[in-house]
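Novice: fold the following, please.
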Amino acid sequence: MVKSYAAPKIRQIVTEAVFRRRRIFLLAFCLVMGAVLLVVLLMPKRYSAEAKLMVQNVRSTSPLSTSPGDRLVSASDVSQNEVNSEVDLLQSVGTARRALGTDSKAPESLSEAKKIDDLQHRLKVEAVHQTNLINVKLAAGSPGAAGTQLQKVIDAYFEERAGAARSSGAEEFFDRQVQDKSGELADTQQAITRFEVQHRIANLADQKKLQVTRIAALQEQLADATTALARQESKESAEKRYLSTIPNRLQTSEKTITNQYSQERLNTSLVDLQNRRTELVRLYPPSDRQVVEVDEKIARTKEAIATAAEHPAAEASSDVNPVWQQLRQQVANSSGELSGLGAQRGQLQAELADAQGRLRELEKATGPNDELQRRLSQAQADYTLYAQKRDEARISGELDKQKMFDVSLVQAPVASARPDRPKPLLYTVVGLAFAVLLGTLLALYADTSAEQVYTPLQLDSITGSRTLAVLADEHDANQDLGSTQVEYRRLLVGLRKALTDVEGTEGWRNGHDAALAQDPGRPAGYCIGFASALPGEGTSSLVNTLATVAAKQANSRVAVLDVEALLRKFEAEEDVSFAMKYNTTRQHWALALDPSASPSGPLRMGGVQGQFSARLNLLLIDGRREFDWLFLDCPSLRASTLASELEQCVDGYVAVVGAGMARRQNIEQMESALQHSGAPLLGYVLNRRRYPVPQWLHRMIW
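Specialist: Numbers count the residues shown, from 1 in each chain. I've put the predicted structure just below:
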């Protein structure tokens, strides 16, 4: 299956739908713009007046509350809730009733309710974003009426604001509370004084801190004393142990005297013996008795010399050991110091026990003392709060009398000379945009919801294969003749490729092979049948133009046969004899039913028996030997079933679909009829494709 065309862009689809459904687009456009024109002409004029209010925290919060009011008075310290409260009060029914002069205590009538609703509808109150300003706007039939009514609304708002004044008895209430808290504060201070005297407390926190510091210091000193005591005990024990191991007397000198005289005599004897042995060795052998005796004497002499050298004479003297004497003195000193350290540790232990006992007493007194201090702090806070609220109540009462609030009028009502509505330019621009959008949507909906086929993509989606060619309508002024010629050549190429793909497949038989079998030495042409689902889809015009292009561009011999005319002759005369007449303008051969009308044209005679398709097939086999292409112009399938009965005559069918004429159902029925005929369906051609978009716009968006 051949792939489909690339999807068109949205702007191409929309533009073509608008131009194709221009009536729907223009109708929607005119209706919308007419409605806009009526609105501009018939809408009553409205003028508006505008004023601005500023919300400032120039007064404290309500003194009727017992919560602390310790906030800074600042012009920028205005919450959004406060601004919203003022906006709601401006839009309230009470303010509207006061502005209209209605008694706020009287029941509301139906006419008054309508007036209030109308005033609230015309009144717009908005808090300016990220500011403490309130914008008040009111619409009326004239600038003067708008300014006057807005001033009444603002006056009514301030009157309503003044009606929410503070309670007149707030000052007396808070004054009584101040007196009560003053007596409670005095009683609490006396109770704290008695408690401190009883428990010897001047400042509990400082005393506890002092005792903790003292205990820590005593514990550190006790630890040092214990460490020193252990060190001294260890030192005394070590000194006693060393004292027991050291002698009380120490050798002071020692003299050593060598045996020099004995060694000299022995050495002289040794030399004499060695000399004698030398003389004997000259006279006698070494084993001789005399030599052996001399050797023994020499050995004994050497041993005597060695013994005299190892045991010299010695002389020694001794005295009292100074180390023993010094250690004995240190042991005596350590015993005394050890006794003193023991006494010091006992004293520190006693002081530590005393400090810990005092700390426990202070800890027991902490709870009652804290309770008294809490009562004192609460009494002081209550006294300060009620005194502050009493002062605030006095100031608030005076401000309420003078009608000084947190809201001030910073811009008096100013009426505009230009009407707020209608706005012809704005309404026209918005209406124009809406008209274009609505017309485009309706045209696009009408174009996409219809079952007619306008584009090759729609035809591809129905058939499942790529369209062979898209041919413009011969009556369309916007068509490009050059591109049309290219499409016809593309159609010829597509037909050749389709015939090559199906030629030789299993079950494929046609007159082309029969013509080759009759005269193998000559080439044979192809016979193509062109059919459409509905009449008027331009099959005849397509066939003649394609034949002209094939003859001029491809130098082919082409013949066009009107099958319907042959069928009428067969039904009238039971004869399919015909002649071919050359059209010099189109440069291809056309059907001539009267052989005498074209004596120069080749005459083809059919058999005298058999059905129409069988007789025609014999003629077409002979015609293939004369022409490269035989195009059969078949009637539509709605008018006749002839096209689907020519399977013996044609090598394949080309289905022609007229743009905007055939529906999905017609195309599917034509596809089913041609595919079941036995001859292959070579492809589809979308004919009479009209381009409603002007050429200059088409070149811009395509």
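Novice: could I get stretch 330-345 in CSV with only the CA atoms?
Specialist: Written as CSV, here are the backbone C-alpha positions of stretch 330-345 (Å, rounded to 0.1, in the frame of the first residue of the first chain):
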residue,chain,number,x,y,z
GLN,A,330,60.3,11.9,104.9
VAL,A,331,58.3,9.1,106.5
ALA,A,332,58.1,11.2,109.7
ASN,A,333,56.9,14.3,107.7
SER,A,334,54.3,12.3,105.7
SER,A,335,52.7,11.0,108.9
GLY,A,336,52.1,14.6,110.1
GLU,A,337,50.8,15.8,106.7
LEU,A,338,48.5,12.8,106.4
SER,A,339,46.8,13.7,109.7
GLY,A,340,46.3,17.3,108.6
LEU,A,341,44.6,16.3,105.3
GLY,A,342,42.3,14.0,107.1
ALA,A,343,41.1,16.8,109.3
GLN,A,344,40.7,19.1,106.3
ARG,A,345,38.5,16.6,104.4
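Novice: make residue 1 into 30 and carry on from there
Specialist: Got it, the first residue is 30 from now on, which makes the last one we talked about stretch 359-374.
Novice: buried residues, that stretch. List them.
Specialist: Residues 360, 363, 370, 373, 374 are the ones in stretch 359-374 that count as buried (16 or more other Cβ atoms under 10 Å). For the C-beta atoms, the positions are set from N, CA and C on the backbone; glycine is no exception.
Novice: run the chain-centre distance for that stretch.
Specialist: Taking the mean C-alpha point of stretch 359-374 and that of its whole chain, the gap between them comes to 83 Å (Cα atoms, centre = their mean, to the nearest Å).
Novice: got it, and stretch 395-407?
Specialist: 58 Å.
Novice: give me the contacts around it.
Specialist: With Cβ atoms under 8 Å, 6 or more residues apart in numbering as the test, stretch 395-407 has contacts from 214, 217, 218, 220, 221, 224, 225, 228, 230, 233, 237.
Novice: make a markdown table from the residues you listed and add pLDDT and distance to residue 440 to it.
Specialist: Formatted as a markdown table, the entries for these read as follows, by pLDDT from 0 to 100; distance: Cβ to Cβ, whole Å:
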| residue | pLDDT | distance to residue 440 |
| --- | --- | --- |
| 214 | 78 | 51 |
| 217 | 80 | 55 |
| 218 | 78 | 56 |
| 220 | 77 | 61 |
| 221 | 74 | 59 |
| 224 | 72 | 65 |
| 225 | 71 | 65 |
| 228 | 71 | 69 |
| 230 | 73 | 66 |
| 233 | 71 | 63 |
| 237 | 76 | 65 |
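Novice: narrow those residues to just the buried residues.
Specialist: Among those, the ones that count as buried by 16+ other Cβ under 10 Å are 214, 217, 221, 224, 225, 230, 233, 237.
Novice: between those residues, which sits nearest residue 166?
Specialist: Lowest distance from residue 166 to these (Cβ to Cβ) belongs to residue 214, with 55.2 Å.
Novice: wait, isn't that closest one in contact with residue 413?
Specialist: No: at 10.0 Å, residue 214 and residue 413 do not qualify as touching, with contact defined as Cβ atoms under 8 Å.
Novice: distance of residue 575 from residue 569?
Specialist: 11 Å (Cβ to Cβ, to the nearest Å).
Novice: residues touching residue 614, list them.
Specialist: Applying Cβ under 8 Å, 6+ apart, one finds that residue 614 lies in contact with no residue.
Novice: wait, is it part of a strand?
Specialist: No: counting by DSSP: H, G, I helix; E, B strand; the rest coil, residue 614 is not part of a strand but coil.
Novice: hmm, which helix or strand of the protein has the shakiest average pLDDT?
Specialist: Per-element confidence for the chain was summarised using mean pLDDT, DSSP states H and E. The lowest value among helices and strands belongs to strand 632-633, with a mean of 44.
Novice: quick revisit: mind putting the contacts of stretch 395-407 in JSON lines, secondary structure included?
Specialist: Converted to JSON lines, the contacts of stretch 395-407 look like this (three-state DSSP):
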{"residue": "214", "secondary structure": "helix"}
{"residue": "217", "secondary structure": "helix"}
{"residue": "218", "secondary structure": "helix"}
{"residue": "220", "secondary structure": "helix"}
{"residue": "221", "secondary structure": "helix"}
{"residue": "224", "secondary structure": "helix"}
{"residue": "225", "secondary structure": "helix"}
{"residue": "228", "secondary structure": "coil"}
{"residue": "230", "secondary structure": "coil"}
{"residue": "233", "secondary structure": "helix"}
{"residue": "237", "secondary structure": "helix"}
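Novice: what strands line up against the helix or strand harbouring residue 716, and which way round?
Specialist: Here residue 716, judged by DSSP states H and E, is contained in strand 710-718. If you go by DSSP bridges, strand 710-718 pairs up with strand 498-501 (parallel), strand 681-687 (parallel).
Novice: flag every buried residue along the helix or strand hosting residue 559.
Specialist: Per DSSP H and E: residue 559 is located in strand 555-561. Within strand 555-561, the residues that count as buried by 16+ other Cβ under 10 Å are 555, 556, 557, 558, 559, 560, 561.
Novice: and that strand with strand 681-687, angle?
Specialist: Taking axes from the mean of the first three to the mean of the last three Cα atoms, to 10 degrees, one finds strand 555-561 and strand 681-687 inclined to each other by 30 degrees.
Novice: okay, now the sheet partners of strand 555-561, with direction.
Specialist: Applying DSSP bridges, one finds strand 555-561 paired with strand 658-662 (parallel), strand 681-687 (parallel).
Novice: could you point out which element follows the longest one?
Specialist: In this case it means strand 681-687. Taking DSSP H and E as the definition, the helix or strand that follows strand 681-687 towards the C-terminus is helix 693-704.
Novice: where do the helices sit along the stretch 80-229 of the chain?
Specialist: For the stretch 80-229 of the chain, the helices defined by DSSP state H, counting those that start in this stretch occupy 109-119, 122-128, 139-151, 172-192, 199-227.
Novice: and the ones you listed, which is most packed in?
Specialist: Relative to the other members of those, helix 122-128 carries the highest mean neighbour count by mean count of other Cβ atoms under 10 Å, namely a mean of 21.
Novice: pull the residues that contact that helix.
Specialist: Residues outside helix 122-128 that contact it (Cβ under 8 Å, 6+ apart) are 118, 132-133, 137, 141, 145, 148-149, 152, 178, 181-182, 184-186, 188-189.
Novice: residues in contact with stretch 686-698: which ones?
Specialist: Where contact means Cβ under 8 Å, 6+ apart, the residues beyond stretch 686-698 that reach it are 480-484, 488, 491-492, 502, 561-563, 565-567, 666-667, 684, 699, 713-719.
Novice: and the helix or strand hosting residue 578, what's buried?
Specialist: Counting by DSSP H and E, the element that carries residue 578 is helix 568-582. When neighbours are counted by 16+ other Cβ under 10 Å, the buried residues of helix 568-582 are found to be 568-580.
Novice: residue 50 contacts residue 472, doesn't it?
Specialist: Yes: assessed by Cβ under 8 Å, residue 50 is found in contact with residue 472 at 3.8 Å.
Novice: list the buried residues in stretch 452-460.
Specialist: Of the residues in stretch 452-460, those buried under the neighbour-count criterion (16+ other Cβ under 10 Å) are 456, 460.
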